[in-house]
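Visitor: need a 3D model of the sequence below.
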Amino acid sequence: MNLTKPYLVVFLFSILMHVRAQERSTIPVVQKLLDKMTLDEKIGQLNLLTPGGGVATGSVVSKDVEKKITAGQVGGLFGVAGPDKVRVAQELAVKHTRLKIPLLFGSDVIHGYKTTFPIPLGISCSWDPELIEKTARVAAVEATADGINWNFSPMVDIARDPRWGRIAEGAGEDPYLGSAIAEAMVQGYQGTNLSHSNTMLSCVKHFALYGASQAGRDYHTVDMSKIKMFNQYLPPYKAAVDAGVASVMSSFNDVDGIPATGNKWLLTDLLRDRWGFIGFVVSDYTSLNEMIPHGFGNLQDVSAISLKAGLDMDMVGEGFLKTLKKSVEEGRVTENEVTEACRRILEAKYRLGLFDDPYRYLDSERPKKDILTPEHRQFAREVAARSFVLLKNHNGILPIKKNAKVALVGPLADSRKNMLGTWAPTGNPDLAVTVIEGFKKVVPNATISYAKGSNITDDKELAKKVNVFGQRVVIDKRSPEAMIEEAVDAANTSDVVVAVVGEATEMSGEAASRTDISIPESQKKLIRALVATGKPIALVLMSGRPLTIPEEFDMPVAILQVWHSGVEAGNAIADVVFGDYNPSGKLTTTWPRNVGQIPIYHSVKNTGRPNPKGGYEKFKSNYLDVPNTPLLPFGYGLSYTSFEYSNLRLDKSEINQGQGVNVSVTIENTGDYDGEEVVQLYLSDVVRSITPPRRQLKGFKKVMLKKGERKEVTLSLTENDLKFYNSNLEYIAEPGEFVVYVGPNSNAELSRSFVLK
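Guide: From the prediction side, this is the model:
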């Protein structure tokens, strides 16, 4: 047998995977159960149901749940919370089934449990993995106190189209930053020992490429090359797998023409064989059944395809429950394939310690001592402040003096239902702090006058769609003109105006794609009227996505992007607006000038006819009507102070394969406030065998500098930072020149080069 190096690697890897499979099969409790289980009982473990009562993520709610549990036809539930409620369901499984196998209890704990943090896109703008890991840890503590032991988070889909509503749920456009955040969240949820009663299974989603849905339309098709997948979209999923994530959720979209839920290349060849994933794979909500309209056959067909592809658990659709036994009898799938799927689910229950104590998460004393504690709320307030991005600060309008006379206007200034953000089904919006409440608490000596000023939107049909989970958009009985007049009157009698504008929570999120991502016209009219007063205006902008704001950006205003910032929103916004915290957030998505530029992101490739920096030129790659450049670049964010970068140095000008480079830069706080800055390192591979991105993020560090302080910051480029997947999908670093850029955003100007020999 002639084993050249590539084949030797594959051969050795296959042996390793076989050894891992053998190791899994030796868990005594699991193997003992499998030996006793009938085919029906094994299939039952592959069934995940929801009894309803919470916020469903699809149009189907399971029926006869109690009957199916006692019949041994359920492996897990979601949508059930609270120790007493969970205990009732767990007892049905443990006391009334033949083998007494406990259930998993899952939930969508996306950005906090009861203590709701900012939406994930907002949290990512902190550029602080340690902080993000702690938010996941708090979420795990609270969720497990309510009996939940499995979390459908993190969502790590790279998203470069802000029309897609679910951009709100992820970490933005960059695979390097997204990978760091994926790892942090998995570690936060799962801790160091999953058998501890305050840790939970994490489920990375949506595998794979869901964020690249064509035209930004949810659930739509995805089509891309494998080179693009491996280099730009797959890294955060792999980072989660490398961090030990316990489960993976398949996505709704197709990959290479095959729906992800039934895609063997994705779920087995890549996830298990290439990456070494040993957990279990669950479908998204009825995504197995949705393979039927994709054109893959009837329910029995798609169920058999999915099991053979590597899907272990069917969420809500019951295709496995209803058809797998028949498929085994007909030889379309084997009982061994059912057994292996069942094994992986039982192993997860074993890792949680449920076979030792199925009630370990059901301490009725924990909710009152672990959920929504004052410490958790204070932490949520700090996280929110660190997620805000100062987009513009005309004439230093912000921060506002604490004894000022302030006109607080806008449809989101006193809108409790819009503080938590999309995908906060476990949170309680009634407990959220509004902006007006935060202002009154933080600046009791200020004079605050409030006026709604406008509706979020005047479009009643749009409001109806947005209000599907409860009233988020309230159409006022007053005329738009009367509301604007009231706001202008308040502005004219104040020193400064704070206008809280943007999106309602459900204008972004799942099934909330938009083709027009500007501020709604009702609010634009309000902003224009306020600017016409000549008063200093600070726009506090709430949204679940980047917005197109060229008109507002050209106005003489300050703009503070606060996303939807959670249960402590109002307090955190007041902290920043009045200077108790100096904003340090940086954008994790590129903000387009208009939707015609989408998709737009920082790691674009040059064409053979690149656009000149000076502007438009015929027969170059540019637009007639706008520049190629975005309104705001990736990594952008201002501060109340200013920072100066200088003295960029590399410790080597030449390196060999396997070596790295240390990059040092001096940064000085040259302004009048203490502040934090995110130092960002970008790398350009000048010549390589496939076309390289213009530059890629390869390092960052958040540093605190007091007014006038200077620090030297060192970032390290490792061997892997120089690597990429070539046309053969080999992960390599090619010899040649690399250029390092360091600065405050993706347009960093300081540069030095080195050569890899």
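Visitor: who's in contact with the residue nearest the centre of the chain?
Guide: Computing the C-alpha centroid of the chain and ranking residues by CA atoms, centre = their mean puts Gly170 first, at 1.7 Å. By CB atoms under 8 Å, 6 or more residues apart in numbering, Gly170 lies in contact with Pro120, Leu121, Ser124, Met155, Val156, Asp157, Ile158, Ala159, Gly178, Gly211. Yep, even glycine has a C-beta here, placed from its N, CA and C like the rest.
Visitor: same check, this time on Phe738
Guide: Leu683, Ser684, Asp685, Val686, Leu722, Ser753, Phe754, Val755, Leu756.
Visitor: what is the neighbour count of the third one?
Guide: What that stands for is Asp685. 20 (other CB atoms under 10 Å).
Visitor: can I assume it is in contact with Pro692?
Guide: Yes. Look at Asp685 against Pro692 with CB atoms under 8 Å: they come within range, at 4.4 Å.
Visitor: the closest residue in space to Thr493 that isn't next to it in sequence bridge partners, please.
Guide: Leaving aside its sequence neighbours, Thr493 sits nearest to Ser449 (CB to CB, 6 or more residues apart in numbering; 7.0 Å). With DSSP bridges as the criterion, Ser449 is bridged to Ala407.
Visitor: which of the contacts of Gly170 are buried? Put it as a ChimeraX command.
Guide: Buried residues among the contacts of Gly170 (16 or more other CB atoms under 10 Å), as a ChimeraX selection:
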select :120,121,124,155,156,157,158,159,178,211
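Visitor: want to throw the contacts of Gly170 into a markdown table with secondary structure, pLDDT and distance to Ser621?
Guide: Listed next are the contacts of Gly170 as a markdown table, based on DSSP: H, G, I helix; E, B strand; the rest coil; pLDDT from 0 to 100; distance: CB to CB, whole Å:
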| residue | secondary structure | pLDDT | distance to Ser621 |
| --- | --- | --- | --- |
| Pro120 | helix | 98 | 33 |
| Leu121 | helix | 98 | 29 |
| Ser124 | helix | 98 | 30 |
| Met155 | strand | 98 | 33 |
| Val156 | coil | 98 | 31 |
| Asp157 | coil | 98 | 28 |
| Ile158 | coil | 98 | 23 |
| Ala159 | coil | 98 | 24 |
| Gly178 | helix | 98 | 27 |
| Gly211 | helix | 98 | 25 |
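Visitor: closest to Lys322 out of the contacts of Gly170?
Guide: Distance to Lys322 across the contacts of Gly170 (CB to CB) is lowest for Met155, with 29.1 Å.
Visitor: please report how far that closest one lies from Pro612.
Guide: 39 Å (CB to CB, to the nearest Å).
Visitor: got it, and Asn428?
Guide: Asn428 is 54 Å from Pro612, by CB to CB.
Visitor: same question, Asp495
Guide: Taken as CB to CB, the span from Asp495 to Pro612 is 45 Å.
Visitor: tell me the first helix or strand C-terminal of the lowest-mean-pLDDT helix or strand in the chain.
Guide: Counting by mean pLDDT, DSSP states H and E, the chain has its least confident helix or strand at helix 5-24, which shows a mean of 41. Moving toward the C-terminus from helix 5-24, the next helix or strand (DSSP states H and E) is helix 28-36.
Visitor: so which elements touch that next one?
Guide: helix 335-351 (3 or more CB pairs under 8 Å, 6 or more residues apart in numbering; DSSP states H and E).
Visitor: list the buried residues for the helix it packs on?
Guide: 337-338, 340-351.
Visitor: same for that helix, what does it pack against?
Guide: Looks like helix 335-351 contacts helix 5-24, helix 28-36, helix 39-45, strand 104-107, strand 280-282, helix 299-309, helix 319-329 (3+ CB pairs under 8 Å, 6+ apart).
Visitor: and that helix, average pLDDT?
Guide: Here helix 335-351 scores 98 as its mean pLDDT.
Visitor: now stretch 499-506
Guide: On average, stretch 499-506 scores 98.
Visitor: that stretch: end-to-end distance?
Guide: Stretch 499-506 has an end-to-end distance of 20 Å (criterion: CA to CA, to the nearest Å).
Visitor: repeat that for stretch 630-650.
Guide: Termini of stretch 630-650 sit 30 Å apart (CA to CA).
Visitor: pLDDT weak spots in the stretch 101-250 of the chain?
Guide: Applying pLDDT under 70 to the stretch 101-250 of the chain picks out no residues at all.
Visitor: helices of that one, start to end?
Guide: Using DSSP state H, counting those that start in this stretch, the helices of the stretch 101-250 of the chain run over 120-124, 129-145, 175-190, 226-228, 235-242.
Visitor: for the longest one, the distance to its chain's centre please.
Guide: Using CA atoms, centre = their mean, to the nearest Å, the mean C-alpha position of helix 129-145 is found 15 Å from that of the whole chain.
Visitor: helices and strands around that helix, which ones?
Guide: Under the contact criterion of 3+ CB pairs under 8 Å, 6+ apart, helix 129-145 touches helix 120-124, strand 150-151, helix 175-190, helix 366-370, helix 374-387.
Visitor: what's the closest of these to Thr457?
Guide: helix 120-124 (21.3 Å).
Visitor: quick check: neighbours shared by Asp685 and Pro692?
Guide: With CB under 8 Å, 6+ apart, Asp685 and Pro692 have common neighbours Phe724.
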